[in-house]
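In: heads up, no residue letters with this:
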Ligand code: CS2
Ligand code: MN
């Protein structure tokens, strides 16, 4: 049975306990960039060995196992392949080594330079008026390039090849799996940038640069459903190769150019077949619910990461997991091709 995790910032609060009460005992965390984390003065950088060890301990003290980091030192110069990238790569390798030392097995990163995941609205109305986020490329029609100017896809590819050939061996030695998250939205160009992590072919190319489980993927369903009509098939394909290290289990309605985020039970993906696929590949990582709407009375201060709807999503995922396990026990594998 696949375990669930939740994405948390390293500031313990009541939600950490609520999560355990609904059955989630694993966390994927951002780094602690507070100047004086929890009263422990450390000369460490947030990705240094001492700081990462403290991070893991902080979760353990609250009954949560820290199984991944979803963050990185600054990486834009590396993503763009411009001056200053070698220092960035060295800091990234320090994070990987610190994680290996602390026994944190997965690092989720992305190749979105300058503009991280992007929405053009965070106050659209979903089911019964719940607040949801959405993206409409039309809204960016008059937005020119960023400070990075026009960046061709090949520049992103050359920079990625340089990066992964440098970092994958470090990750392999540290026992850490690099889990590349797709661009969100999986769309290019975006304000002048020919972003590249937006298709199945792109991810095949990523895995071919360095053929090791340390060079793996985050299969974020909310973005993959905008790249393919067959999310379960993509899970079986890349999972069958043993190259999925992390899963984001969420859904949307629309296309990469124009979509809205949905509750987990009303999107365009067959979430039961996806959960069955996750179990069919014997996935040994964790899934997290990723983005959720904001329910009546809850805070929309961190759009997509509200509390109440995350509990709804976790409950739904828990039921789906039970159904998937039962379906596979009753019917055996769905007979769908699992690459490998
Ligand atoms: C999410 C991101 O864009 C997505 O699908 O996974 O919001 C992610 O959670 C953040 O970039 C932090 O990694
Ligand atoms: Mn995601």
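Out: Yep, that arrived. As the structure is a prediction and not an experimental result, all values here were calculated from the model. Ligands and ions are numbered 1, 2, ... in the order given.
In: need the helices for the chain, in chain order.
Out: With DSSP state H as the criterion, the chain has helices at 14-21, 49-61, 76-80, 85-102, 153-174, 200-209, 221-224, 231-240, 271-280, 308-331.
In: can you state the direction angle for the last one and helix 271-280?
Out: With axes from the mean of the first three to the mean of the last three Cα atoms, to 10 degrees as the basis, helix 308-331 and helix 271-280 are set at 60 degrees to each other.
In: rewinding a little: pick the most buried one from the helices of the chain.
Out: Of all these, helix 221-224 carries the top mean neighbour count, a mean of 25, counting by mean count of other Cβ atoms under 10 Å. To be clear about C-beta, it is placed using only N, CA and C from the backbone, and glycine gets the same treatment.
In: Now residue 49. Nearest residue, chain neighbours left out?
Out: Leaving aside its sequence neighbours, residue 49 sits nearest to residue 98 (Cβ to Cβ, 6 or more residues apart in numbering; 4.6 Å).
In: wait, doesn't the one you found sit right on residue 51?
Out: Yes: counting by Cβ atoms under 8 Å, residue 98 sits close enough to residue 51 to count as a contact (7.5 Å).
In: Looking at the residue nearest to residue 49 now. What's its pLDDT?
Out: On the pLDDT scale, residue 98 is placed at 98.
In: Residue 340 now?
Out: 50.
In: Let me see the contact set for residue 106.
Out: Taking Cβ atoms under 8 Å, 6 or more residues apart in numbering, we find residue 106 in contact with 28, 67, 68, 69, 176, 177, 179, 245, 246, 285, 286.
In: Tell me how far the fourth one lies from residue 10.
Out: Residue 69 sits 10 Å away from residue 10, going by Cβ to Cβ, to the nearest Å.
In: The two: which has the busier surroundings?
Out: When neighbours are counted by other Cβ atoms under 10 Å, residue 69 and residue 10 differ, and residue 69 comes out ahead with 28 against 21.
In: What's the local residue count around the nearest residue to the more buried one once chain neighbours are set aside?
Out: Spatially, and ignoring its direct neighbours in sequence, residue 69 is nearest to residue 107 (5.3 Å; Cβ to Cβ, 6+ apart). Number of residues near residue 107 (other Cβ under 10 Å) recorded here: 28.
In: can you pull the contacts of residue 107?
Out: Per Cβ under 8 Å, 6+ apart, neighbours of residue 107: 68, 69, 72, 95, 96, 99, 171, 176, 177, 178, 179.
In: what sits opposite the last one in the beta ladder?
Out: When bridges are taken as DSSP bridges, the partners of residue 179 come out as residue 108, residue 216.
In: beta partners for residue 253?
Out: For residue 253, the beta-bridge partners under DSSP bridges are residue 260.
In: Now do the same contact list for it.
Out: By Cβ under 8 Å, 6+ apart, residue 253 lies in contact with 259, 260, 262, 266, 267, 268.
In: Just the buried ones from those residues?
Out: Among the contacts of residue 253, those classed as buried by 16 or more other Cβ atoms under 10 Å are 259, 260, 262, 267, 268.
In: Just the closest of the residues you listed to residue 251, please.
Out: The closest of the buried ones among the contacts of residue 253 to residue 251 turns out to be residue 267 (Cβ to Cβ; 2.5 Å).
In: thinking again about what came up before, could I get the contacts of residue 253 as TSV with pLDDT?
Out: Below are the contacts of residue 253 laid out as TSV (pLDDT from 0 to 100):
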residue	pLDDT
259	98
260	98
262	98
266	98
267	98
268	98
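In: what's the most distant pair in these?
Out: Pairwise distances across those (Cβ to Cβ) peak at 13.3 Å, for the pair 259 and 266.
In: circling back: ok, the contacts of residue 107 vs residue 128, which is closest?
Out: Distance to residue 128 across the contacts of residue 107 (Cβ to Cβ) is lowest for residue 68, with 33.3 Å.
In: Write down the beta-bridge partners of the closest one, one by one.
Out: Bridge pairing for residue 68 - DSSP bridges - gives residue 28.
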